[in-house]
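Trainee: Structure for the following, please:
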Amino acid sequence: MRIRAITGFFFIIVMLASVLLDHYVFGVFYLLLSGFALWEFYGLINQAGVKPDKLTGLLNGAFIYIVFALVTYDADYHKLLFLLPITLSAVFIQELFKKHASPFTNIAYTYLGLIFTIIPFTFFHALAYVGGTFNFHFPMVFLLLLWANDTGAYLVGSKFGRTKLFERHSPKKTWEGLIGGILITALAAYIISLYYTDIALEHWIWIGILISCFGTTGDLIESMFKRSIDVKDSGGILPGHGGLLDRFDGLLIAAPIVYAYLYFITNA
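Mentor: Predicted coordinates for the structure are as follows:
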C-alpha cells in the first residue's frame, strides 16, 4: 500500500503538470504516453501467440497522433489526413514478406492496438482545443472527474457493494459502486463549475456522468481484454498500480465520448 500510495502521488503530480505547463509539453507528453501504451498492448498480445507488426504499428501510431494534433491546432493541416491510408497500408504490405500461419490475425491486432490506445489519446489531446485555442480546463477536469469516479466507486463499493455489476469480467465491481461513483463525480463536477465557467453547470454534470459511465465501461473492456489473454496486470511500469493500460482504461472509451459531447455543445 505504501508503494501504491507513493506511486499514485507522483502519478497525479506528473499528470497535472503535463496539462498545466505548456501546450507543447502537453502534446509531446501524451504522444509518448500513447506510444508506451501501444507498446504495452503489443507486448500483451505477443504473450497470446500473436505477432503484431510492432514497428509499423508504433510509427503509424505516432503519425496518427501527430496529424490529428496538428489538425486540432490548425485546421489548415487537414490535408495531412490523406497520407494516413498510405502509411496504414504498410501494415498489409509488410505482412506479405513474412511467413506466418495467420497473417490477418497479426494485421487485425496491429490495427486494434491503434484503435484501442492511440485513438483515445488523440481525442484526449483534442479536448484542449475544443474552443479553437489551447485551454487546459477540459483535459484537466476530465482527469479530475475520472479520479473522482474511481475514488467514489471504490469507497462506496467497498462499503456498500452487494450487487455484482459484471462479475464475468470484473468480480469486484458492483452496481452500488457504480452509482456511488456517478454521484460523487457529479458532485465534483458541480464544485468545478463554480470555478470554471467555460460551459454551463448542467454540461459539467453531464460530462461527469459520461465519464463515470464510459470510464467504467473502459475499465470493464480492459478487464475483458486481460482475461482473454490470461494476464492479471497489463504491465509493471507503475509499481503497485500495474501498467499504463490499467491506469488509463477509464480514458479509452470516455475521452472520445466526452470530446464529441463538447464539440456538439460548443458548436451548436
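Trainee: Correct me if wrong: residue 94 contacts residue 54.
Mentor: No: judged on Cβ atoms under 8 Å, residue 94 makes no contact with residue 54 at a distance of 10.8 Å. C-beta: built from backbone N, CA, C; applies to glycine.
Trainee: my read: residue 88 touches residue 59, true?
Mentor: No: because the distance of 10.4 Å does not satisfy Cβ under 8 Å, residue 88 is recorded as not touching residue 59.
Trainee: Between the two, which has more neighbouring residues?
Mentor: Between residue 88 and residue 59, counted using other Cβ atoms under 10 Å, residue 88 has the larger neighbour count: 17 against 14.
Trainee: mind checking pLDDT for residue 21?
Mentor: At residue 21, the pLDDT value in this model is 85.
Trainee: And it, how close does it get to residue 66?
Mentor: Relative to residue 66, residue 21 is positioned 19 Å away (Cβ to Cβ, to the nearest Å).
Trainee: between the two, which one's more packed in?
Mentor: Per other Cβ under 10 Å, whichever of residue 21 and residue 66 has more neighbours is residue 66, with 15 against 12.
Trainee: Could you pull out the buried residues of the host helix or strand of that one?
Mentor: In this structure, residue 66 sits in helix 54-73 according to DSSP states H and E. Neighbour-count burial for helix 54-73, with 16 or more other Cβ atoms under 10 Å as criterion, is recorded at 54, 56-58, 60-65, 67-73.
Trainee: and it, what other elements does it pack with?
Mentor: Helix 54-73 is packed against helix 23-47, helix 84-96, helix 103-113, helix 119-126, with contacts defined by 3 or more Cβ pairs under 8 Å, 6 or more residues apart in numbering; DSSP states H and E.
Trainee: For these, state which one has the densest average packing.
Mentor: Comparing these on average neighbours per residue, with mean count of other Cβ atoms under 10 Å, the densest one is helix 119-126 at a mean of 22.
Trainee: ok, and what's touching that helix?
Mentor: Around helix 119-126, the neighbours that count as contacts under Cβ atoms under 8 Å, 6 or more residues apart in numbering are 26-27, 30, 33-34, 37, 64-65, 68-69, 72, 139, 142, 248, 251-253, 255-256, 258-259.
Trainee: Going by neighbour count, which residues in whatever helix or strand comes next after that helix are buried?
Mentor: From helix 119-126 onward toward the C-terminus, using DSSP H and E, the following helix or strand is helix 137-160. Within helix 137-160, the residues that count as buried by 16+ other Cβ under 10 Å are 137-150, 152-154, 156-157.
Trainee: do the same with stretch 193-202
Mentor: For stretch 193-202, the neighbour count (16+ other Cβ under 10 Å) marks 193, 199 as buried.
Trainee: Need the CA coordinates for that stretch. PDB is fine.
Mentor: Extracted in PDB, the C-alpha atoms of stretch 193-202 (Å, rounded to 0.1, in the frame of the first residue of the first chain):
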ATOM      1  CA  SER A 193     -18.400  24.500 -12.300                       C
ATOM      2  CA  LEU A 194     -18.100  27.100  -9.600                       C
ATOM      3  CA  TYR A 195     -14.500  27.900 -10.700                       C
ATOM      4  CA  TYR A 196     -14.600  27.100 -14.400                       C
ATOM      5  CA  THR A 197     -17.400  28.700 -16.300                       C
ATOM      6  CA  ASP A 198     -16.400  27.600 -19.800                       C
ATOM      7  CA  ILE A 199     -19.700  25.800 -20.100                       C
ATOM      8  CA  ALA A 200     -22.900  25.800 -18.100                       C
ATOM      9  CA  LEU A 201     -23.400  23.700 -14.900                       C
ATOM     10  CA  GLU A 202     -25.600  21.200 -16.500                       C
END
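Trainee: any idea of the mean pLDDT for it?
Mentor: For stretch 193-202, the mean pLDDT works out to 93.
Trainee: ok, now stretch 92-111?
Mentor: Taken as a whole, stretch 92-111 has an average pLDDT of 90.
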